[in-house]
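[1] fold the following and give me the result.
(chains A, B and C)
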Amino acid sequence: MLYRENGQFKTSYAADQQIFPIAQDRWAILGILVFAFVGIPLLGDEYLFRAILIPFLILSLAALGVNILVGFCGQITLGAGAFMAVGAYAAYNFHIRIEGLPLLVSILLGGLTSALVGIVFGIPSLRVRGLYLAVATLAAQFFTDWVFLRIPWFTNNASSGSVSVSNLQIMGWEIATPFDKYMFCLVWLTISALLAKNMTRSAIGRQWMAIRDMDVAAEVIGIRPLFAKLSAFAVSSFFVGTAGALWGFIHLSVGAGRFLGRSFVPVAVHGHYRRPRLDHGQLLRRSLHRHAADRVEPVSAGDRRTVRGHDFDGRRVACRVDHLRLTDHFFPDQGAPRYRPPVVHRQGKTPALAISALSRAGEPVSLLLELLSQTHHYYFNKRRH
Amino acid sequence: MGFFIETLIGGLMAGMLYSLVALGFVLIYKASGVFNFAQGAMLLFAALAMARFSAWIPEWLGIDSLWLANVIAFFIAGALMYLVAWLIERLVLRPLVNQEGATLLMATLGIAYVLEGLGTSIFGTAIYKIDVGMPKEPVLILEGIFEGGLLINKEDFVAALIAAVLVALLTLFFQKTVTGRALRAVADDHQAAQSIGIPLNHIWVIVWFVAGVVALVAGVIWGSKLGVQFSLATVALRGLPVVILGGLTSIPGAIIGGLIIGVGEKLSEVYLGPMVGGGIEIWFAYQLALVFLLFRPQGLFGEKIIDRV
Amino acid sequence: MPGGINGVKIIFEECETAYATDRGVECYERLKGKNGGATLFQTLSTGATFALTEKAPVDKIPLITAGYGRSESQNGAVFTWNFPLLGTYWVGAEVAIQHIAKKLGGVANLKGKKIALVYHDSPYGKEPIPVLQELGKMHGFEVQLLPVAHPGVEQKATWLQIRQQKPDFVLLWGWGVMNSTALREAQSTGYPREKMMGIWWAGAEPDVKDVAEGAKGYSAMTLQHGAEPNSRVVKDVLDLVYAKGQGTGPKDEVGQVLYMRGLISAMLGVEGVRKAQERFGKGKVMTGEQVRWGLENLNLDQKTLDNMGFASVMRPVQTSCLDHMGSSWVRVHTWNGSKWEFTTPDWYQADEKLLRPTVMLASGKYAEEKKLKPRTPEECKL
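    Sure, this is the predicted structure:
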């Protein structure tokens, strides 16, 4: 990175939890948005819009979807092309089969269909991981290619399998010129990006990242891999599906076998390195202790720097930093950094989480880990006091 | 019955050829933990080199013997694969040592693009021929037992034989030679291997070179079957389900996975295909692998993945 | 010898699209406005043709798709800017059946026969299916469909099925490496190559060259021309272009099947412009709209063709506003192990009476979907 957050002190939670807490990020994004909405329309010509920028925006939307799955949830997928095709064909079918369905609704329905299909193809991720999963997702790619070629209903019996829609309009706004199309895609992408960004900052996003950083640990502290993984597949496929629908409606016609997943992956994996400010791997290990401990030691902040964040239920927690390392002193953080009474883990949702982690029959590994960490913490605390 | 056996044999032989491709993946993954997406490109590159040199050498050296030209071309192509392996280690692997799997995967995607581009710009984009004297005509056997006899494709048979010999050689190499043992040590634990004095970088060059030779053999066989042109790289897509079915770290896994996939896809295409409109074999192979994975997430013979918190 | 078309020099540009639709579209967008606007495009890809069919009317640029593209775009009333000159896949399919009928000694003998279609599983490969099925119903033969997934390097299962079902003929609608692979598999399963017949994209030198003797007896339809190394136009190209060192491709490919197809495509484009100049002014630069008129009123009789050096290469072409194809002649040639040879008598003409309704039906459906109003004969005269 060219810049750091050093010296940018946050004096309120609002400041700490804004979308881009670092000023440089804020200004850069603002600059890019202004350029995209004002600068490019002034500079671009038709060729730039049609051949470069529109596909660029649509593929960015698809990459956004892949980023959620690969970058935030750590499930490597090569099936993005398949979900683009599903979204495109679904949107097309909704559009032509339901008379008078607004364009926006068609695209959203396309995305939702893609999300459903994404959940189905995401099921193996509960069992299969890493590179094995990556190759397994190719099954989706080849299968959907085949389905759209073989079942003529999806293509409205077009012998060639290639379909397209004309006369696009939204509430009287006819999307005809390249400029209109560009603006439509840009607005769509901006809204989607904002949605995605907020999702990754919320409880569900933290769950994804926890799964990515270490799924066993995440499971032990009570994150349900079923929900976290499948929700990531669904959300990711939704974005990819809407990208497919846009590709079919706005850019080119819809045709099977045109969407190649492979090219998205390098883009999306960059998300992998966009670690949140709290290192989740460490956060996880620490919170493991927290759940297993008898009590959490209160810390009065002010004497040392305190790191604050959300835990996986979306509650505020804080953690002390000692020589740039997170200590295992974790406490729920409910307001300004001052003395808080000790919170026993049996309050709130924690027991439920602990029980759910413990009661998973057939998960002896996590059980063992839970026990180990308990003894460890016990020993650790005893020695300290 | 005769037809069923014929399909079965056809599947087994196709499976052997997939195994050859899968073997390249396994070798590299085993020794360096890299999932080498460039295996298809390496295959194409090696086959292109072989095809072109076997055509150029008689021109340059005035050798008449096809056999001799092929042997020389094979060695030149092999040397080229060594160069490729050395360059990959130097330019790609060394700077990326200790990086995550996904990063290395991406890096091999890059290698794939470079090799495909380089190969076709050095050697050309037309369809080239590799003629190593593979028999093309079919034979009929057991005509007394089955009506019409069993049709055996001689070319596939020879190819399967070569694949089997190659696997045996590789197994010997891994089990009996000093280098082979070093390779296995590196595969088990990079750091431990290094601490007892095994040169990691050199080992990687060797592994990529061995994978390159496997790619070359596979390229010669596939190339003599199909002709050498850029679609040859897509043969790797056929090898992928084989690798995950057999397990990323197992050489026997690649062979058995190949046989299962080969038989599975041929039987499915011939018997299920007509019911649903045909063309199902490629996705069927992946689904088949997926079903196996649901029961054994690390493939049939892969090392068990153990997570520690 | 004056250069250009009536003195107007041509600028042409090429894009390597690797048969990818989006790259084709990118190229189209990039070049359509260059140097004052493109006069015409040759997409050389069925996928790109489908994608550009809706863009061309907006930009008013004709698309020449000689021997490929959408079959129903023959109907110029609906597809006003597409020109599938010389032939479509439907023409190919119909002629293939004619040829088979002739081999069998009459259309009546088609009854009860089984014809397999081994096709590239894509819009291109699927084009002939409706016509074949229609003909199958009419003549009483069975059509067996055997799709091959792109790129077609693995066809063992397909040919095992052919070995089991023993179809009387196999039609090959392949692409690139799929063609030679099919021939090799035919060889190794022992299916007689004499009973195999390919479309014109499966009937050039690269498809059979490496199979050599193994493909002997295999025949393919051609878009009128075959390999024409002895035609005058090829000699002219060699003398006037290659002798000066200005040739762009390998010299030994000049006159081969695919070279001839490119040459004829280019010639048709140039003649379209020339025809347009006859009406809108010789020596002037033609717009896309004017060239469309030229292409719609193309009338190349045998004398003109002979003068250009295309004697015995192709037959006259005459297009109209409603017929954007202009000719439905097809020849069949056979590979003898080292080169393509015409068998005599080899000219076939597709049955327009039979194909026209299918074209009208499909193009009518397209017009309805897109809410287009087909041109009337009056509009055509403009």
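[2] which residues does stretch B:263-271 contact?
    B:7-8, B:10-12, B:14-15, B:278-282, B:284-285, B:288, C:156-158, C:160-161, C:164 (Cβ atoms under 8 Å, 6 or more residues apart in numbering or on different chains). C-beta coordinates here come from the backbone N, C-alpha and C atoms, glycine included.
[3] out of the residues you listed, which touch chain A?
    Contacts with chain A within the contacts of stretch B:263-271, counted by Cβ under 8 Å from any Cβ of the partner chain: B:G279, B:I280, B:I282.
[4] which one of those residues sits closest to B:R52?
    Closest approach to B:R52 among these (Cβ to Cβ): B:I282, at 29.5 Å.
[5] so who does that closest one touch?
    Here B:I282 is in contact with A:F142, A:W146, B:L237, B:R238, B:E265, C:A149 (Cβ under 8 Å, 6+ apart).
[6] and with 10 Å instead?
    A:138-139, A:141-143, A:145-146, B:237-238, B:241, B:265, B:269, C:121, C:149-150, C:154 (Cβ atoms under 10 Å, 6 or more residues apart in numbering or on different chains).
[7] would CSV of the ones next to chain A among the contacts of stretch B:263-271 with pLDDT and secondary structure be doable?
    Below are those laid out as CSV (pLDDT from 0 to 100; DSSP: H, G, I helix; E, B strand; the rest coil):
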residue, pLDDT, secondary structure
B:G279, 81, coil
B:I280, 87, coil
B:I282, 84, helix
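[8] look up the closest residue to B:Y18, ignoring the ones flanking it.
    Distances taken as Cβ to Cβ, 6 or more residues apart in numbering or on different chains place B:G258 nearest to B:Y18, at 4.3 Å, with adjacent residues excluded.
[9] just A:Y3 next, same as before
    In space, A:Y3 is closest to A:Q24, 4.7 Å off (Cβ to Cβ, 6+ apart).
[10] likewise for B:F230?
    In space, B:F230 is closest to B:T120, 6.1 Å off (Cβ to Cβ, 6+ apart).
[11] ok so, going back, show me what the helix or strand hosting the residue nearest to A:Y3 is packed up against.
    Assigning secondary structure by DSSP states H and E places A:Q24 in helix A:23-34. Packing partners of helix A:23-34 (3 or more Cβ pairs under 10 Å, 6 or more residues apart in numbering or on different chains; DSSP states H and E): helix A:178-201.
[12] contact partners of the lowest-mean-pLDDT helix or strand in chain B?
    In chain B, the helix or strand scored least confidently by mean pLDDT, DSSP states H and E is strand B:138-141, which has a mean of 76. Around strand B:138-141, the neighbours that count as contacts under Cβ under 10 Å, 6+ apart are B:9, B:146, B:148-157, C:163, C:187-191.
[13] try 7 Å this time
    B:G149, B:L150, B:L151, B:I152, B:N153, B:K154, C:S188, C:T189, C:G190 (Cβ atoms under 7 Å, 6 or more residues apart in numbering or on different chains).
[14] for the residue nearest to B:Y18, helix, strand, or coil?
    helix (DSSP: H, G, I helix; E, B strand; the rest coil).
[15] correct me if wrong: it contacts B:M16.
    Yes - shown here, B:G258 and B:M16 form a contact pair, counting by Cβ atoms under 7 Å, at 6.2 Å.
[16] more neighbours: which of these two?
    Neighbours were counted for B:G258 and for B:M16 using other Cβ atoms under 10 Å in any protein chain shown; B:G258 has more, 29 against 23.
[17] which residues touch that one?
    Contacts of B:G258 (Cβ under 7 Å, 6+ apart): B:G15, B:M16, B:Y18, B:S19, B:A22, B:V242.
[18] what about it, distance to chain A?
    Distance, B:G258 to chain A, using Cβ to the nearest Cβ, to the nearest Å: 14 Å.
[19] go on, C:E253?
    C:E253 is 30 Å from chain A, by Cβ to the nearest Cβ.
[20] next one: that residue, what pLDDT does it get?
    With respect to pLDDT, C:E253 scores 86.
[21] pLDDT weak spots in chain B?
    Where chain B drops to pLDDT under 70, the residues are B:98, B:143-144, B:147-148, B:305, B:307-309.
[22] which residues of chain C lie near chain A?
    Residues of chain C found near chain A (Cβ under 7 Å from any Cβ of the partner chain) are C:21-22, C:25-26, C:29-30, C:33, C:47, C:50-51, C:54, C:70, C:121-123, C:126-127, C:129-130, C:150, C:370-371.
[23] now, of those residues, which are buried?
    C:21-22, C:25-26, C:29-30, C:47, C:50-51, C:70, C:121-123, C:126-127, C:129-130, C:150 (16 or more other Cβ atoms under 10 Å in any protein chain shown).
[24] so where's chain C shaky on pLDDT?
    Ranges of chain C meeting pLDDT under 70: C:1-2, C:344-345, C:381-382.
[25] what residues does the stretch 1-150 of chain A put near chain C?
    A:Y47, A:R50, A:A51, A:P55, A:L149.
[26] so which of those residues belong to strands?
    Of these, none are assigned to strands by DSSP state E.
[27] out of these, which is nearest to C:P377?
    Once Cβ to Cβ is applied, the member of the residues of the stretch 1-150 of chain A next to chain C that ends up nearest C:P377 is A:R50, at 34.3 Å.
[28] surely that closest one meets A:F179?
    No - A:R50 is not in contact with A:F179 according to Cβ under 7 Å; the separation is 9.9 Å.
[29] looking at these two, which one has more neighbours?
    A direct count of neighbours by other Cβ under 10 Å for A:R50 and A:F179 places A:R50 higher, at 24 against 16.
[30] then stretch B:46-65 to CSV, C-alphas only?
    Taking Å, rounded to 0.1, in the frame of the first residue of the first chain, the C-alpha atoms of stretch B:46-65 are listed here in CSV:
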residue,chain,number,x,y,z
ALA,B,46,5.6,-29.9,-25.9
ALA,B,47,3.5,-31.3,-28.6
LEU,B,48,4.1,-28.3,-30.8
ALA,B,49,7.8,-28.5,-30.3
MET,B,50,7.8,-32.2,-31.1
ALA,B,51,5.6,-31.8,-34.2
ARG,B,52,7.7,-28.9,-35.6
PHE,B,53,11.1,-30.3,-34.8
SER,B,54,10.3,-33.7,-36.3
ALA,B,55,9.4,-31.8,-39.5
TRP,B,56,12.4,-29.5,-39.4
ILE,B,57,15.1,-31.9,-38.5
PRO,B,58,14.9,-33.9,-41.8
GLU,B,59,15.1,-30.6,-43.6
TRP,B,60,18.1,-29.3,-41.6
LEU,B,61,20.1,-32.4,-41.2
GLY,B,62,19.0,-34.3,-44.3
ILE,B,63,18.0,-37.4,-42.3
ASP,B,64,15.7,-39.7,-44.2
SER,B,65,14.7,-41.9,-41.4
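[31] is any residue of it near chain C?
    No - between stretch B:46-65 and chain C, judged by Cβ under 7 Å from any Cβ, nothing touches; the nearest distance is 10.0 Å.
[32] now the helices: where do they sit in the stretch 251-382 of chain C?
    C:257-280, C:288-296, C:302-308, C:352-370, C:377-381 (DSSP state H, counting those that start in this stretch).
[33] cool, chain B as well?
    For chain B, applying DSSP state H gives helices covering B:2-32, B:39-61, B:66-88, B:101-123, B:154-176, B:178-188, B:190-195, B:200-226, B:235-246, B:251-267, B:273-276, B:281-295.
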